[in-house]
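# Kindly return the folded structure for what I paste below:
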Amino acid sequence: MIYWSIFLAFFIPGILGYGGGPASIPLVEKEVVDRYGWMTTQEFGEVLALGNALPGPIATKMAGYIGYMEGGILGSFIGLFASIAPSLILMVALMMTLMKYKDSPKVKNITKMIRPVIAVLLGAMTLQFFMTSAETSGGVQTVVLAVLSYWLLEIKKIHPAFVILLALVYGGLSGLF
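Numbers count the residues shown, from 1 in each chain. The predicted model follows:
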């Protein structure tokens, strides 16, 4: 029964918490503190502060931690799954709908219109990263990394994971000097 309670404690806020993890935190608190009494408000605040201090989505970290505290490792997995299940269900439903109508001319036109928008957004994000890198690391370092990365990816056809690893090593070594 505890596992079902853990599931509901994180599934319901996931459905009702429009706006992502931070928007669902008050709903999780309502479930964890008021409904099930697993924590006090102060304990919940401490878990929230700890979760905010760590990288990654807050809702999944809290679900994993609270699920673990109440139901062990299985409780942790159930809490984590329950926190991502609403998005997962919605994405599967949307993909099924898209696949059902994939040959529709309207869907094809929407897809054609979305591609340039995504390309522009990715280009703008890349330019922003490039400018920030040039300001913080220096223009020469940024140009060297950009040219070297392009050469490794496009000319030498090296896997992006290795290029990223090399860039991290380069950044670490250049930070020493």
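
# For Leu27, pull up the helix or strand it's in.
Leu27 belongs to helix 21-29 when assigned by DSSP states H and E.

# Please identify the buried residues of the helix or strand that comes right after that helix?
The helix or strand immediately downstream of helix 21-29 is helix 41-53, counting by DSSP H and E. By neighbour count with 16 or more other C-beta atoms under 10 Å, helix 41-53 contains the buried residues 44, 47-48, 51. Placement of C-beta: from N, CA and C, glycine included.

# circling back to that earlier point, could you pull up the mean pLDDT of the helix holding Leu27?
The average pLDDT within helix 21-29 is 84.

# Outside of it itself, list whatever touches it.
Identification of contacts with helix 21-29 by C-beta atoms under 8 Å, 6 or more residues apart in numbering yields 9-10, 12-14, 16-17, 41, 44, 48, 57-60, 62-63, 66.

# could you pull out the helices for the protein?
Using DSSP state H, the helices found in the chain span residues 2-16, 21-29, 41-53, 58-100, 105-137, 139-150, 160-176.

# Which positions in the shortest one come out as buried?
In other words, helix 21-29. Applying 16+ other C-beta under 10 Å to helix 21-29 flags 21, 24-25, 27-29 as buried.

# Put together CSV for those, with distance to Phe77 on each row.
Formatted as CSV, the buried residues of helix 21-29 follow (distance: C-beta to C-beta, whole Å):
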residue, distance to Phe77
Gly21, 18
Ser24, 19
Ile25, 21
Leu27, 21
Val28, 17
Glu29, 22
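
# just the residues you listed now: which is nearest Leu90?
Ser24 (14.3 Å; C-beta to C-beta).

# where does this protein dip in pLDDT?
Applying pLDDT under 70 to the chain flags the ranges 21, 175-177.

# Alpha carbons only: can I get stretch 126-134 in CSV?
The C-alpha trace of stretch 126-134 is given here as CSV (Å, rounded to 0.1, in the frame of the first residue of the first chain):
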residue,chain,number,x,y,z
THR,A,126,24.8,28.7,-30.6
LEU,A,127,25.6,32.4,-31.2
GLN,A,128,24.7,33.2,-27.6
PHE,A,129,27.0,30.4,-26.3
PHE,A,130,29.8,31.6,-28.7
MET,A,131,29.5,35.2,-27.5
THR,A,132,29.4,34.2,-23.8
SER,A,133,32.4,31.9,-24.3
ALA,A,134,34.3,34.7,-26.1
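
# Let me see the residues that make contact with that stretch.
Contacts of stretch 126-134 (C-beta under 8 Å, 6+ apart): 141-142, 145-146.
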